[in-house]
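Peer 1: got a structure for you, letters missing:
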């Protein structure tokens with residue numbers, strides 16, 4: 001399933017947020033890669049087998065091809081070490097496995113280091129942001145390694161812009177920091193392949 005460029009640009013609810021992210025990205029890095037075009041979005045969606053969440057697509061089309069965002073920064077969309085490359089690698093690890101590791105439709109957008117990833121659930125309307133923390137693995141199912149970081153990509157970006165995300169160095173000093181919670185659909189999504 002692929003989303004055409006008309007569908008991606010039709011989403012305007014995120015205009016202010018995308019502009020604020022672009023300003024922050026430009027102030028954080030003077031050497032951002034250029035944004036991607038519609039052909040690259042279509043190629044990525046073809047390889048992923050699902051549409052990117054509309055806000056995620058806009059970030060790549062209007063801000064930059066990765067290189068901005070929290071901590072380790074968003075991955076590039078295509079190529080080695082990219083959103084698509086990491087997703088395909090993680091899904092290959094899950095193919096035919098008794099205990100799949102990575103659910104379909106969850107695209108890794110950045111690495112936190114130590115094999116941890118932030119991923120956007122492109123099958124959820126809000127684009128839930130998930131944390132994959134493999135260090136929580138204790139054998140059997142990988143469901144305990146999946147956490148809901150944010151109910152939506154927009155909210156996740158807002159915490160980054162405000163400096164209140166759990167991933168911020170001094171986040172634990174504030175009362176409004178929300179830590180990732182277990183992702184309830186993990187078991188069903190991992191076992192269904194979706």
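Peer 2: The structure has been received and is ready for your questions. In this text, all values refer to a predicted model and were calculated from it rather than measured experimentally.
Peer 1: So for the helix or strand where residue 109 lies, what gets flagged as buried?
Peer 2: In this structure, residue 109 sits in strand 106-113 according to DSSP states H and E. By neighbour count on 16 or more other C-beta atoms under 10 Å, the buried set for strand 106-113 is 106-111. For the C-beta atoms, the positions are set from N, CA and C on the backbone; glycine is no exception.
Peer 1: and that strand, which strands flank it?
Peer 2: The pairing partners recorded for strand 106-113 under DSSP bridges are strand 116-121 (antiparallel).
Peer 1: tell me how far the strand it pairs with is from the chain's mean position?
Peer 2: How far strand 116-121 lies from its chain's middle: 5 Å, per C-alpha atoms, centre = their mean, to the nearest Å.
Peer 1: Tell me which helix or strand comes right after it.
Peer 2: Following strand 116-121 in sequence order, the next helix or strand is strand 129-132 (DSSP H and E).
Peer 1: Pairing partners for that next one, with directions?
Peer 2: For strand 129-132, pairing defined by DSSP bridges yields strand 116-121 (antiparallel), strand 146-150 (antiparallel).
Peer 1: residues contacting residue 178?
Peer 2: 159, 166 (C-beta atoms under 8 Å, 6 or more residues apart in numbering).
Peer 1: Just the pLDDT for it.
Peer 2: We have a pLDDT of 73 for residue 178.
Peer 1: which SS class is it?
Peer 2: Assigned by DSSP: H, G, I helix; E, B strand; the rest coil, the conformation of residue 178 is coil.
Peer 1: report the longest helix in the protein, please.
Peer 2: helix 15-28 (DSSP state H).
Peer 1: Let me see the mean pLDDT of that one.
Peer 2: Rounded mean pLDDT across helix 15-28 is 96.
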